[in-house]
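S.K.: no FASTA, just this:
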């Protein structure tokens, strides 16, 4: 394909997997005529929801996706027939019939594949990794072998990217010690790769689950060489290793929410089933960085707030601890000495003030890095400017 990297990134961001693959089908076929990419897809601690999300993708579906990109899927727990035959404690039969033997052969012989990681990696108890055992071996050991032989790693879904619900605060959290691939929650020092001393390029496709477009197009960009790994990664990924085209640092779901007008007028639903802003019901859209409101789910038809559910912030690094309780308004942050509820109440009588309140809320909900250099005076100046 002749388009440069910047054009490719723009195209996949605007068109989505379905229209992009339909539009460039013949070009893709020519580009991949002599090229086959091997993919090893492993499942750790998770619910397989991301694979289910892939299976729900349409035009392309997952089979068309594999064919269009000429991918050789070496192993995928959910999509293959599972068998694990042991005789006298040893694996028996052949790799054609025994999935444990197949995985063993892949880990011994194959190199340079793209490793798709779905699910986290348990390190407990006491660093043994035995809270998840696959074919008699801790999954931690299996993953270590797989990661060492990979050319690049694409972590999909919140369990893999930041360990998600597995690392949520609980009485047994430290005992289980579930790890994400490059991060555990927001801590890169606790990613499983760091623990194992493995240095591999990682791309995180967040979400609980991840959108099929995000996965298909990210893998496609890597396969086609439109994202050169690792040299392009600092430019196309954010600080959490997420593709900026799908998780824009300067854009939140709230910006394009069809309920946004109600927010600006200070009109909020207090019970489910209404048509107004869902902020009072715990919506986390104002600080969740993803293109859900423009890309949409369910065949690109709708997304959570549009369907009546508050956004729960499932794409954010600290999810779920940073966004729960999901359906309760937990932010009552004062801005320049003013309660946000008071601002929103006054805003009912003044649209311009509501827009200012929106800008203020965006400011106080910034990350510590984004807040650097921000003060009450500069916030006031910014608000006056936006008015």
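M.R.: Received the coordinates, thanks. Small disclaimer: the values here were computed from a predicted structure and weren't measured. Numbering: from 1, shown residues only.

S.K.: can you pull up the most central residue in the chain?
M.R.: Against the mean C-alpha coordinate of the chain, by Cα atoms, centre = their mean, the closest residue is residue 206 at 0.7 Å.

S.K.: tell me how far that residue lies from residue 314.
M.R.: According to Cβ to Cβ, to the nearest Å, residue 206 and residue 314 sit 8 Å apart. In short, each C-beta sits where N, CA and C put it, glycine included.

S.K.: which neighbours do those two share?
M.R.: Taking Cβ atoms under 8 Å, 6 or more residues apart in numbering as the criterion, residue 206 and residue 314 both touch residue 158.

S.K.: so what touches the helix or strand harbouring residue 115?
M.R.: Using DSSP states H and E, residue 115 falls within strand 113-118. By Cβ under 8 Å, 6+ apart, the surrounding residues in contact with strand 113-118 are 37-44, 46, 48, 50-51, 74, 143, 146-147, 149-157, 159-160, 181, 200, 219, 222-223.

S.K.: just the ones of the residues you listed in strands?
M.R.: 37-43, 74, 150-156 (DSSP state E).

S.K.: mind listing the strands for the stretch 51-200 of the chain?
M.R.: 71-76, 86-87, 90-91, 113-118, 121-122, 133-134, 137-138, 150-156, 178-179 (DSSP state E, counting those that start in this stretch).

S.K.: quick one, which of these gets closest to residue 309.
M.R.: The closest of those to residue 309 is strand 150-156. By Cβ to Cβ, the value is 22.1 Å.

S.K.: what packs against that closest one?
M.R.: Strand 150-156 sits against strand 113-118, strand 202-205, helix 212-223, with contacts defined as 3 or more Cβ pairs under 8 Å, 6 or more residues apart in numbering; DSSP states H and E.

S.K.: and the ones you listed, which is most packed in?
M.R.: strand 202-205 (a mean of 28; mean count of other Cβ atoms under 10 Å).

S.K.: what are the contacting residues of it?
M.R.: By Cβ under 8 Å, 6+ apart, the list of residues contacting strand 202-205 from outside reads 152-157, 160-162, 181-183, 193, 214-215, 218, 222, 227, 229, 233, 237, 240-243, 246.

S.K.: list buried residues within these.
M.R.: Among these, those buried by neighbour count (16 or more other Cβ atoms under 10 Å) are 152-157, 160-162, 181-183, 193, 214-215, 218, 222, 227, 229, 233, 237, 240-243, 246.

S.K.: mind giving me the domain ranges of this protein?
M.R.: With domains defined by automatic domain parsing, the chain comprises 5-236, 253-386.

S.K.: ranking those domains by burial, who's on top?
M.R.: Note that of the domains of the chain, domain 5-236 is the most buried (mean count of other Cβ under 10 Å), with a mean of 19.

S.K.: returning to what we had before: could I get the strands of the stretch 51-200 of the chain as TSV with mean pLDDT and distance to residue 291?
M.R.: Converted to TSV, the strands of the stretch 51-200 of the chain look like this (pLDDT from 0 to 100; distance: least, Cβ to Cβ, whole Å):
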stretch	mean pLDDT	distance to residue 291
strand 71-76	92	24
strand 86-87	84	47
strand 90-91	82	45
strand 113-118	96	21
strand 121-122	96	28
strand 133-134	91	35
strand 137-138	94	37
strand 150-156	97	16
strand 178-179	96	28
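
S.K.: so which of the ones you listed gets nearest residue 308?
M.R.: If we rank these by Cβ to Cβ, the stretch that ends up nearest is strand 150-156, at 26.6 Å.

S.K.: now residue 173, nearest residue through space, not along the chain?
M.R.: residue 167 (6.6 Å; Cβ to Cβ, 6 or more residues apart in numbering).

S.K.: okay but that neighbour is in contact with residue 120, surely?
M.R.: Yes. Counting by Cβ atoms under 8 Å, residue 167 touches residue 120, with 7.2 Å between them.
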